[in-house]
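Enquirer: here is my input, please return the structure:
(chains A, B, C and D)
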Protein chains: 4
Amino acid sequence: MKNTFGNNLTVTIFGESHGAAVGCVIDGIAPGIKINYEYLAACMKKRQARGDISTPRREADEVEFLSGVKDGVTEGTPICLIVRNNNIRSDAYLPYESIPRPSHADYTAECKYHGYQDKAGGGHFSGRVTAALVAAGAIIGGALSEKQITILSHIKRLGGIEDTDFCNYSEDAQRLAESSFPTLSDEAARAMTERILSAKENGDSIGGIIESAVIGMPTGVGEPWFDTMEGVIAHALFSVPGIKGVEFGDGFGIADMSGSEANDPFRYENGAVVTAKNSSGGIQGGITNGMPITVRTAVKPTPSISKAQGSVDLCLGENTEISIGGRHDPAIIHRATAVVDAVLAIAVADMLVTRYGTDWLGGKK
Amino acid sequence: MKNTFGNNLTVTIFGESHGAAVGCVIDGIAPGIKINYEYLAACMKKRQARGDISTPRREADEVEFLSGVKDGVTEGTPICLIVRNNNIRSDAYLPYESIPRPSHADYTAECKYHGYQDKAGGGHFSGRVTAALVAAGAIIGGALSEKQITILSHIKRLGGIEDTDFCNYSEDAQRLAESSFPTLSDEAARAMTERILSAKENGDSIGGIIESAVIGMPTGVGEPWFDTMEGVIAHALFSVPGIKGVEFGDGFGIADMSGSEANDPFRYENGAVVTAKNSSGGIQGGITNGMPITVRTAVKPTPSISKAQGSVDLCLGENTEISIGGRHDPAIIHRATAVVDAVLAIAVADMLVTRYGTDWLGGKK
Amino acid sequence: MKNTFGNNLTVTIFGESHGAAVGCVIDGIAPGIKINYEYLAACMKKRQARGDISTPRREADEVEFLSGVKDGVTEGTPICLIVRNNNIRSDAYLPYESIPRPSHADYTAECKYHGYQDKAGGGHFSGRVTAALVAAGAIIGGALSEKQITILSHIKRLGGIEDTDFCNYSEDAQRLAESSFPTLSDEAARAMTERILSAKENGDSIGGIIESAVIGMPTGVGEPWFDTMEGVIAHALFSVPGIKGVEFGDGFGIADMSGSEANDPFRYENGAVVTAKNSSGGIQGGITNGMPITVRTAVKPTPSISKAQGSVDLCLGENTEISIGGRHDPAIIHRATAVVDAVLAIAVADMLVTRYGTDWLGGKK
Amino acid sequence: MKNTFGNNLTVTIFGESHGAAVGCVIDGIAPGIKINYEYLAACMKKRQARGDISTPRREADEVEFLSGVKDGVTEGTPICLIVRNNNIRSDAYLPYESIPRPSHADYTAECKYHGYQDKAGGGHFSGRVTAALVAAGAIIGGALSEKQITILSHIKRLGGIEDTDFCNYSEDAQRLAESSFPTLSDEAARAMTERILSAKENGDSIGGIIESAVIGMPTGVGEPWFDTMEGVIAHALFSVPGIKGVEFGDGFGIADMSGSEANDPFRYENGAVVTAKNSSGGIQGGITNGMPITVRTAVKPTPSISKAQGSVDLCLGENTEISIGGRHDPAIIHRATAVVDAVLAIAVADMLVTRYGTDWLGGKK
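Expert: Numbers count the residues shown, from 1 in each chain, chains lettered A, B, ... in the order given. Presented below is the predicted three-dimensional model:
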């Protein structure tokens, strides 16, 4: 299904960085969901470039609804939303037309689209397209929060610096909503910001790890094979540009453990079945067990750096060097948390709608 | 789509551990593929329990074709294949009927199927079902190898013990085909086997990391969003029981790198574009770049251990303890490599058939 | 998705006429559905050849469950069911190997499968495969009837002979369940049977029209575009071998009407909104309006006739003649009603499960 | 998948009659397809209201590309196209807010969307949305014609008046491209136009039958079960508003035939296998046989008529009458041929892309 995600609540994404607009169609969304415009704006803002630690390209990022929303409420028909591209400076990107940037999608785009792709600003591969994802995620995530399902992401690690762990989800949510840098501790925020700035000074960039939690999931959602909750979430997460790894619960750490260390005993707590440590990250046999879904994603450093790098000239057919000018981010991870939140909302909502039916997310008049 | 994987070349899985049979339907498979029965048998054998390091349950694991194969050649119509369950001892599992085993799918199965699920031997959640996956993967993987696409997996790490890295794929392939334990070095095989046996002696189990490579992939396969090659592969891999993490190329290791460390320069080699280090694991922007796809999966320790563990009695509604008898594996990772191979074959073949059409995998008379 | 139907409740079909078995996998079926074995047997019997008006090939048609059913109740996991092929006489079919039978699928099968298809008895194209469809439809239709949704089909027309119209659905249901020939009037049954026998005497065959009704559908099911209720039902119905036309409500008859003749006024009846004439066949704008879904399907005469017909020899590359021996049906329409019932059950159940969620069709313990 | 059609070449539709725009996303379209703007404009014009025989609502219907097209050539990335709504007069529709118009989708929309739907001008159910379908069909159909696959539709019957049959496809194509009313004979055009005008004078409307042909289809496309060529085409066609019946080849006429009348002998003609009469409408066993696909669709009379009709007031819960003012069409069938052409292009192109791969429809640089 290419640029579409989901079985029953689907998001179809479109747009090029320097085209008219990026956007998406959300289909299968229940009628009667009130768009929380404030929350939508907050999510869009989280994804936006800011301060010295991001690209100087600034976009208004206003979400425009072409269909499916009337008087601020979903109609149940497909929502097409767009975010127009305004601040476009294609010239800065032109010199590399035939020289693919290392670890970018330039070369693979050429292989797939045979030169017909729009190369300006990364075209359809640009992080710009995530603006549409974040808008879709904000609408769906807003509706999920009405069902007491909340999604949180923070930078767990960046350039060797660790943030504290989730501790109290409602306080953590408060903190992440208010802070301008997505960590749980002020100290980590300061140290990571400095680390990003020092990368920037060196014409370099830096990667990291995002940790997320989906809190309030009902039990029994997901399938034993193929459409496992982990599989569906990972499928969606690998759409976030730069993500190269996804792990749940104890993840790769579990590889060195014995069963007696890794296993997670059940017990009753206030009448509900819980597990002691949530080692499984809320998912067992591909199906939710009612504990928070915990997932970590590895985000690679922005591949656009000003340092000279080896590449090839696809026209001349020879080796060459490239050093990338233009506007780019020394790190994207602090912007990527908003995208991860959005993608998690999209993925779990689809699974929930599959389980509970097409009206579940909305409201009856 | 629940228990179905794929868009154009699909595998639909069915069966319970102690039912009549496990099996699958392979649909969209090209006509004219000769079943390599020897290779099929070798794959099935790799997945089988063996020696002291596995469960004493032994199955013949003969693959029976109910449709779609005539005179050992695919017809192009759906293949239904089954593997009958013979060696069944359900009684050993019965005491736990209402006490979910920690880190197993017993509790989530109960949540999803409301008690109607077959609990004997783990039912539909049993690793037994992977016999059908391996058979499907062997048929599809056999056809891929005719297209010069090969898939290799070894245990990269187990209980702190590391195997050597892939070094020369064709020699590595030879070695993995011949050895009874899926490592590249003899020393790792010995040390890991000992580690498994010591876990067994303690009534415990052990996890690890599988490393895989898909060699010979054409460029330009995969989608920029949602159906990224990473996303599709990860989606499939999380079906392998016990997998809790998936990473590509430098994976989580990239999180501490700067762009200049992580980036992977292009260069021409014998007229073809290659990258210096394959940091991206053969995938950039969700699309293959012609380098081997490299992927690592974290496999948790078998949750069935004989040590006493805390759990709940869902009938009585109270906390309790459980210690699991019956036949089980102190490790599954050495059997799981065969399943990972199969799942990789299924996932990449579907992407290739989508790109090149339904006849691509087969042959014209 | 080829041989799979449905989005959330899916049926994947497999098997060849003279292979080991025909069968299907039903996935997404709710747990807790009691298999009504009597109803299942009755449905299978309706599809079976009988008396002089059918092929002399007789099959036991016993449905065997390989998975997904325990103690006669669905588990919620995929059901694989098979019907073994016993009464096989392939030799009778062999002479035509390279001469496609007119209006059969022999030629198109050759085009698609390049000669790898199993030709014996029509292979995967055989009406034999509908045994699996009928079994799936019986299980799903049985569950629908617990939800007060019933499906009825009768032969509306055959060789110029008309049956009476549906009049009282519960009485009609009774009559159709009891009678050995699927008409509402005894007279039509007699006349049609005679017509079939006279075709048989002439080495010929005869077609007709099946009329069906789905009674008890909730309102609001279906989509305005693409997954319209008509579109989904028609998609499924064209799988029934020999069907060349599908119409809803007034269907093709509406083409000569004016709006004032065709329009169907609403009115309240016992507090519920109904329409006066059900001209729309229970569907408006692609969505159910609560009236019975009425649909008619045109069934072509069995193409296997003993009269000599023109054809080509694909090996010799020249024109030739063929006259078909073997066992075949002078009409299939009296057997096809069972298949139409099954397909309607499969199609509407999928739409209902999409709307109401995966547990809707089943029961909680 | 609701408002999405297709497996590999997908069209996702959105928009409300009186919203900002109607439009669609075309995904899976090959790179390198030159948009034929003249053909696009011609298709859009065919769908437009014209003269006295249509609604006085007139729209510019300019197609605007938001993504996926650069310098008039497809990039291979998703195309979002929109057609803005300009000429909106919602007030004319308001009186019926709680009184569903007979044989319209007002009542079923209410059942499905619980009152949240945009009712103005029929909202998402409006024929206006077909502007997006026609645009998508024109792009895809334009690319098909480069592959020598052409699609033709004419009004076969309207209010009892018959058009002549297809006779010489290339001359028929010429005639249909040039004429302002989609019939093959001038006489039928005149008589049908008069019939429409007389319906208009009576405040009434009129239905008819569209006959279409897809010429140049390769053999071997389609699946034996479920994704039969007939099933997929019918699925798509029932999206065209007002269509209540679909038949292929001899269709419902076959119901009164014997096998010897209906069967269609094969013979060689210029080295190619053809059939004598194309009774099967180019499809046998669900798969194309290389003959033109012939299909007829029954279009109901426009349900909006000014005559008084019975209905219900959903607010007051009582029976009432309605007579519909506003601007509407006395017939839509002459506009619907453009939509049928578009939908046929969309449906067969998806099947072809599935068979031949994602690059098939486009061109390599």
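
Enquirer: next, count neighbours for A:Ser180.
Expert: Neighbours of A:Ser180 under the rule other Cβ atoms under 10 Å in any protein chain shown: 11. Backbone N, C-alpha and C define where each C-beta goes, glycine included.

Enquirer: where does it fall, secondary structure wise?
Expert: Assigned by DSSP states H and E, A:Ser180 falls within no helix or strand.

Enquirer: in this structure it contacts A:Ser54, no?
Expert: No. With contact defined as Cβ atoms under 8 Å, A:Ser180 and A:Ser54 do not form a contacting pair (11.5 Å).

Enquirer: in the biggest helix by length in chain A, what's buried?
Expert: The residue-count maximum for a helix in chain A (DSSP state H) belongs to helix A:333-356. Residues A:333-356 are the ones in helix A:333-356 that count as buried (16 or more other Cβ atoms under 10 Å in any protein chain shown).

Enquirer: touching chain C at all, that helix?
Expert: Yes. Counting by Cβ under 8 Å from any Cβ of the partner chain, chain C has neighbours in helix A:333-356: A:354-356.

Enquirer: would you turn those residues into JSON lines with distance to chain D and pLDDT?
Expert: What follows is the residues of helix A:333-356 next to chain C, written out as JSON lines (distance: Cβ to the nearest Cβ, whole Å; pLDDT from 0 to 100):
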{"residue": "A:Thr354", "distance to chain D": "12", "pLDDT": "96"}
{"residue": "A:Arg355", "distance to chain D": "17", "pLDDT": "96"}
{"residue": "A:Tyr356", "distance to chain D": "16", "pLDDT": "96"}
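
Enquirer: which one among these gets closest to A:Asn278?
Expert: For the residues of helix A:333-356 next to chain C, the closest approach to A:Asn278 (Cβ to Cβ) belongs to A:Arg355, at 21.5 Å.

Enquirer: in three-state terms, label whatever residue of the stretch 201-350 of chain A ends up closest to chain C for me.
Expert: With Cβ to the nearest Cβ, the shortest gap between the stretch 201-350 of chain A and chain C falls at A:Pro224, namely 7.2 Å. Put simply, A:Pro224 is coil when judged by DSSP: H, G, I helix; E, B strand; the rest coil.

Enquirer: which residues touch it?
Expert: A:285-287, B:3, B:105, B:109, B:124-125, C:77 (Cβ atoms under 8 Å, 6 or more residues apart in numbering or on different chains).

Enquirer: cool, A:Tyr107 as well?
Expert: Counted by Cβ under 8 Å, 6+ apart, A:Tyr107 has contacts A:100, A:314, B:266, B:273, B:284, B:289.

Enquirer: isn't there a strand covering it?
Expert: No. If the criterion is three-state DSSP, then A:Tyr107 is helix and not within a strand.

Enquirer: wait, A:Asp27 sits on A:Gly76?
Expert: No. Counting by Cβ under 8 Å, A:Asp27 stays clear of A:Gly76, with 10.0 Å between them.

Enquirer: give me the neighbour count for A:Arg84.
Expert: When neighbours are defined as other Cβ under 10 Å, A:Arg84 has 18 of them.

Enquirer: touching, it and A:Leu66? I think so.
Expert: No. Using Cβ under 8 Å, A:Arg84 is not in contact with A:Leu66; the gap is 11.5 Å.

Enquirer: so which helix or strand takes in the closest residue to A:Ile82 other than its chain neighbours?
Expert: Leaving aside its chain neighbours, A:Ile82 sits nearest to A:Gly23 (3.5 Å; criterion: Cβ to Cβ, 6 or more residues apart in numbering or on different chains). Assigned by DSSP H and E, A:Gly23 belongs to strand A:21-27.

Enquirer: swap in A:Ala236?
Expert: Assigned by DSSP H and E, A:Ala236 falls in helix A:229-237.

Enquirer: contacts only, for the residue in the stretch 1-150 of chain A that chain B sits nearest to.
Expert: Closest residue of the stretch 1-150 of chain A to chain B, Cβ to the nearest Cβ: A:Ala105 (2.4 Å). With contact taken as Cβ under 8 Å, 6+ apart, A:Ala105 is in contact with A:122, A:125, B:224, B:284-287.

Enquirer: and which of those is nearest D:Ile210?
Expert: Nearest to D:Ile210, judged by Cβ to Cβ, of the contacts of A:Ala105 is B:Pro224 at 38.6 Å.

Enquirer: for that closest one, give me the pLDDT.
Expert: As predicted, B:Pro224 sits at a pLDDT of 95.

Enquirer: any idea how far D:Gln48 is from it?
Expert: Using Cβ to Cβ, to the nearest Å, we find B:Pro224 at a distance of 36 Å from D:Gln48.

Enquirer: likewise for A:Lys200?
Expert: Going from A:Lys200 to D:Gln48 by Cβ to Cβ gives 55 Å.

Enquirer: who's more crowded, these two?
Expert: The residue with more neighbours, out of A:Lys200 and D:Gln48, is A:Lys200; 20 against 17, by other Cβ under 10 Å.

Enquirer: phi, psi for that one please.
Expert: Phi and psi for A:Lys200, reported as degrees, to the nearest 10, are phi -60, psi -50.

Enquirer: and the residue of chain A found nearest chain C, how many neighbours?
Expert: For chain A and chain C, the shortest gap (Cβ to the nearest Cβ) falls at A:Gly357, measuring 3.8 Å. Other residues lying near A:Gly357 total 21 when counted by other Cβ under 10 Å.

Enquirer: C:Leu361 is in contact with that one, correct?
Expert: No. At 11.7 Å, A:Gly357 does not count as touching C:Leu361 under the criterion of Cβ under 8 Å.

Enquirer: quick one: the helices in chain A?
Expert: A:37-47, A:106-113, A:130-146, A:169-178, A:186-201, A:229-237, A:259-262, A:333-356.

Enquirer: and the stretch 1-150 of chain A, which residues reach chain B?
Expert: Counting by Cβ under 8 Å from any Cβ, the residues of the stretch 1-150 of chain A near chain B are A:1-5, A:7, A:13, A:100, A:102-105, A:107-109, A:111-112, A:124-125, A:129.

Enquirer: 7 Å instead, please
Expert: A:1-5, A:7, A:13, A:100, A:102-105, A:107-109, A:111-112, A:124-125 (Cβ under 7 Å from any Cβ of the partner chain).

Enquirer: please pick the buried ones from those.
Expert: A:1-5, A:7, A:13, A:100, A:102-105, A:107-109, A:111-112, A:124-125.

Enquirer: the closest residue to A:Arg335 other than its chain neighbours: neighbouring residues, count only.
Expert: Using Cβ to Cβ, 6+ apart and skipping residues adjacent in sequence, the residue nearest A:Arg335 is A:Arg47, 5.3 Å away. Counted with other Cβ under 10 Å, residues neighbouring A:Arg47 total 25.

Enquirer: which pLDDT value belongs to A:Arg47?
Expert: On the pLDDT scale, A:Arg47 gets 90.

Enquirer: please apply the same query to A:Phe248.
Expert: With respect to pLDDT, A:Phe248 has a value of 98.

Enquirer: how about the residues of the stretch 101-250 of chain A by chain D?
Expert: A:112-118, A:124.

Enquirer: dump those to CSV, plus distance to A:Ile149 and pLDDT.
Expert: Formatted as CSV, these follow (distance: Cβ to Cβ, whole Å; pLDDT from 0 to 100):
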residue, distance to A:Ile149, pLDDT
A:Lys112, 36, 95
A:Tyr113, 38, 94
A:His114, 43, 92
A:Gly115, 44, 92
A:Tyr116, 41, 93
A:Gln117, 37, 92
A:Asp118, 37, 91
A:His124, 31, 91
